[in-house]
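Chemist: structure of the sequence below:
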Amino acid sequence: MTKRPTLLASLLTLFTAVGTARADDAPTSPSPDEKTGVQLDFHYGVLQPILLRGFNAAVDVRGRRWMLSYSHGQGLEFSRAPGALTKQEEAAGVRIVAPISTGGGVGYRLWRELYVMADVKVHRFEVAASREVSRYTTVTVGAEVGYRIFLYKGLHITPVVRFWPNVWDNAPSGGVEVATADGSLRHEPLKQGSNGVFANVLVGWAFDL
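Modeler: Model prediction:
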């Protein structure tokens, strides 16, 4: 009769130890109800180096609910993205590069790690099919929806869907003239993704200040 309480106590002690260990190793995803300080989140877009041979890095400052974000992309070769070029541009060997894509946004956490954000970004483009380079700038104003998934401590991935339509550009009416080997063609200011809609996956690290 004395063995049963001892065995039960041993099992309870074991379960408590396992639960404590799991709690110590759990991701540091802050609950809106528990978060009282400020958090920094550094993250990096996965698709930019894969599809566009460039990079885009960002830093978020997150409070209990609100967040501020700044991101910077560089060396993005948009002509490599599927459907970015027209058939005429493909035939002429047009190359479209964004040496700088920069901006920021304001976001709000809706539930757990689900957030929405309003973004403003400036994209500078260089278009060439020969040695002559044509340049123009676009501005996008849009929205982002994402959900952070913590893997270990501050390490996380964030699937995001963005809608960044062009709201302004400094291209001439009718498009930018691009010199080609056979003459020239007109290039319309590039849109982000499919008419402004695209998805990405972010990888980052978050830590409390």
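
Chemist: how about low-confidence regions in the chain?
Modeler: The model of the chain has pLDDT under 70 over residues 1-36.

Chemist: hmm, 90 instead?
Modeler: Residue ranges of the chain with pLDDT under 90: 1-37, 64, 82-83, 131, 181-182, 209.

Chemist: centre of the chain to the lengthiest strand in it, how far?
Modeler: As assigned by DSSP state E, the longest strand anywhere in the chain is strand 95-111. Remark: strand 95-111 is offset 7 Å from the chain centroid, using CA atoms, centre = their mean, to the nearest Å.

Chemist: find the helix or strand that residue 192 is a member of.
Modeler: For residue 192, there is no enclosing helix or strand under DSSP states H and E.

Chemist: quick one: the helices in the protein?
Modeler: Here the chain has its helices, by DSSP state H, at 3-25, 47, 87-92.

Chemist: give me phi/psi at residue 189?
Modeler: Residue 189 has phi and psi values of phi -50, psi 130 when expressed as degrees, to the nearest 10.

Chemist: what's the spacing between it and residue 181?
Modeler: For residue 189, the distance to residue 181 equals 23 Å [CB to CB, to the nearest Å]. For every residue, glycine as well, the C-beta is placed using N, CA and C.

Chemist: I figured residue 207 hits residue 155, correct?
Modeler: No. Using CB atoms under 8 Å, residue 207 is not in contact with residue 155; the gap is 10.3 Å.
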